[in-house]
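> Quick one, fold the following:
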Amino acid sequence: ADLAYTEDDLVTDMAEASIAGMPIEDRVAGLFLTTPEALTDVDNAVRAGDSTKAALAQYPIGGLVYKGSNIQDTDQFTKMLTDTISASKYQLFLILENGAEALPEDLSVYGINMEFADQGNASFRTVTLPSLQNGRSEEGLVTVLIEGEEEGLADACLEAWQNGANLLYVKEGIRAAYAGMLEKIQGNAE
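The predicted structure follows:
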């Protein structure tokens, strides 16, 4: 048997140690992806300022999903992402959805570390309440888009998570989804 300690082992151990020190509220929030608009209650986010900082402090989510309309030019987008990163107490997934053509080069230059090219790929599936199907991507990271009425979001998020989803993408209703899921997890833990 190969007993070598690999770089993947190190990354896993670091992630588990980081998560172990988080309060339950932050662990649950870290499961969520949403748009900067849903997080900050603006129509179209093109900068990250005090409202982003306050929202990330209250909801330390796992990541933000940007679209082409968030990009005015490369300098503006770079500043928005840099300011967002500095406003978060945890490392974020910074995701571009259907907007790669708005940027002229490698997305990682901007800090983008994930891309949703379309909603048909293996790691990103659309879920319309209440039906849910389990699926795993080749990378082992399962992102599920949760859509529906606010009162059903928490149940759908909990079900997706219990069925193997690592990240829960809630485009609208992030506050209700987070609060409801946290309540359900804390209730089950007692």
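
> Using CSV, write down the CA coordinates of the longest helix along the chain.
The single longest helix within the chain, with elements called by DSSP state H, is helix 174-189. Coordinates of each C-alpha in helix 174-189 appear next as CSV, following Å, rounded to 0.1, in the frame of the first residue of the first chain:
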residue,chain,number,x,y,z
ILE,A,174,-30.7,33.1,0.2
ARG,A,175,-31.6,34.5,3.7
ALA,A,176,-34.7,32.3,4.0
ALA,A,177,-32.8,29.2,2.7
TYR,A,178,-29.9,29.7,5.1
ALA,A,179,-32.0,30.5,8.2
GLY,A,180,-34.4,27.6,7.5
MET,A,181,-31.6,25.1,6.9
LEU,A,182,-29.6,26.2,10.0
GLU,A,183,-32.8,25.8,12.1
LYS,A,184,-33.3,22.3,10.7
ILE,A,185,-29.7,21.3,11.3
GLN,A,186,-29.6,22.7,14.8
GLY,A,187,-33.0,21.1,15.6
ASN,A,188,-31.7,17.7,14.4
ALA,A,189,-28.5,18.1,16.5
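
> what packs against it?
The criterion is 3 or more CB pairs under 8 Å, 6 or more residues apart in numbering; DSSP states H and E, and the helices and strands that helix 174-189 contacts are helix 24-29, strand 32-34, helix 150-162. Backbone N, C-alpha and C define where each C-beta goes, glycine included.

> now the strands: where do they sit in this structure?
Assignment of strands within the chain using DSSP state E yields the ranges 32-34, 63-66, 93-97, 114-116, 124-128, 143-147, 167-169.

> Return the distance of the first one from the chain's centre.
Same thing as strand 32-34. 3 Å (CA atoms, centre = their mean, to the nearest Å).

> again, but for the last one
A distance of 6 Å separates the C-alpha centroid of strand 167-169 from that of its chain, computed with CA atoms, centre = their mean.

> what lines up beside it in the sheet?
strand 32-34 (parallel), strand 143-147 (parallel) (DSSP bridges).

> I'd like to know which of those strands lies nearest to Leu94.
Leu94 sits nearest to strand 32-34 of all those, at 10.1 Å, using CB to CB.

> In this protein, where is pLDDT below threshold?
Across the chain, the ranges flagged by pLDDT under 70 are 1-2, 7-9, 11-20, 99-100, 117-141, 189-190.

> residue contacts, the residue most central in space within it?
Residue closest to the mean C-alpha point of the chain, counted by CA atoms, centre = their mean, is Leu33 at 2.4 Å. Applying CB atoms under 8 Å, 6 or more residues apart in numbering, we find Leu33 in contact with Ile61, Gly62, Gly63, Leu64, Val65, Phe93, Ile95, Thr143, Leu167, Leu168, Tyr169, Val170.
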